[in-house]
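Colleague: coords please:
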Amino acid sequence: MRAPPFPPDQMPPDVRALHDDMAEIAEHLKGFVSKREDDALVGPFAPMLRFPQFGGSAWAYTKALIENSKLPKPAHELAILVTGAAFDSRYELYAHERVAGQAGLSDAKIAAVAAGQRPADLTEEEQAAYDVAAALTAGKQLPESTYQRALKVFGEDQTAELVYLVAGYGLISMLLNAYDVSVPGREEGLPRG
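Modeller: Residues are numbered from 1 along each chain as shown. The predicted structure follows:
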């Protein structure tokens, strides 16, 4: 781990304010570990807090995605899983496999997507989300047919949300990979979530 969790009692006031804003949202994250016993946030929060001049903006983007989410939860989580799998982001997959289950995705779908495969039994919404996320995380221009299908399924605003969601979780995946963020309980001495 290259940016270890930052205990809040060691933070300057401006970083503590950012931490507290993150912690408020993190309290609602269920099913996975997002903080240690000393209240230091783990996962993508740790590098954001270590480098607040960049992390503050990354958090604002992430928070906007959370607060303005209108996509159906299974499609939302499927797109995040596709992104995490494309970047082989351990923590992102760890966290969102759990959230995807809570959103109603089957264990078989979650396992297939986390392994980089497209399940055959996706709903129409899940298919559209998967295809957009897969195209974008492959570093390709979004094909017109894929974009038009997303528009038909989700409408313009939710399609925009999907694109920004994949971009945002691409950023999160890169942060997690760059700072070698592990699955909780493996390196930080945390309980496994």
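
Colleague: pLDDT at the closest residue to Arg50 other than its chain neighbours, what is it?
Modeller: Of all residues not flanking Arg50 in the chain, Ala3 sits nearest, at 4.3 Å (CB to CB, 6 or more residues apart in numbering). C-beta: built from backbone N, CA, C; applies to glycine. Looking at Ala3, its pLDDT stands at 91.

Colleague: so who does Ser69 touch?
Modeller: His76, Glu161 (CB atoms under 8 Å, 6 or more residues apart in numbering).

Colleague: how near is it to Ala3?
Modeller: When distance is defined by CB to CB, to the nearest Å, Ser69 is 27 Å away from Ala3.

Colleague: again, but for Phe51
Modeller: In terms of CB to CB, Phe51 sits 7 Å off from Ala3.

Colleague: can you check His76 too?
Modeller: From His76 to Ala3 the distance is 27 Å (CB to CB).

Colleague: who's more crowded, those two?
Modeller: For His76 versus Ala3, the count of surrounding residues by other CB atoms under 10 Å is larger for His76: 23 against 19.

Colleague: the more buried one contacts Glu126, doesn't it?
Modeller: No: contact between His76 and Glu126 fails when scored by CB atoms under 8 Å: they sit 10.1 Å apart.

Colleague: excluding covalently adjacent residues, which one is nearest to Ala85?
Modeller: Per CB to CB, 6+ apart, closest to Ala85 is Gly116, 4.9 Å.

Colleague: wait, a helix at the one you found?
Modeller: No: counting by DSSP: H, G, I helix; E, B strand; the rest coil, Gly116 is not found in a helix; it is coil.

Colleague: ok, it to Glu77 distance?
Modeller: The value you get for Gly116 to Glu77, if CB to CB is used, is 16 Å.

Colleague: between these two, which one's more packed in?
Modeller: Set side by side, Gly116 and Glu77 show more neighbours around Glu77, with 27 against 12, by other CB under 10 Å.
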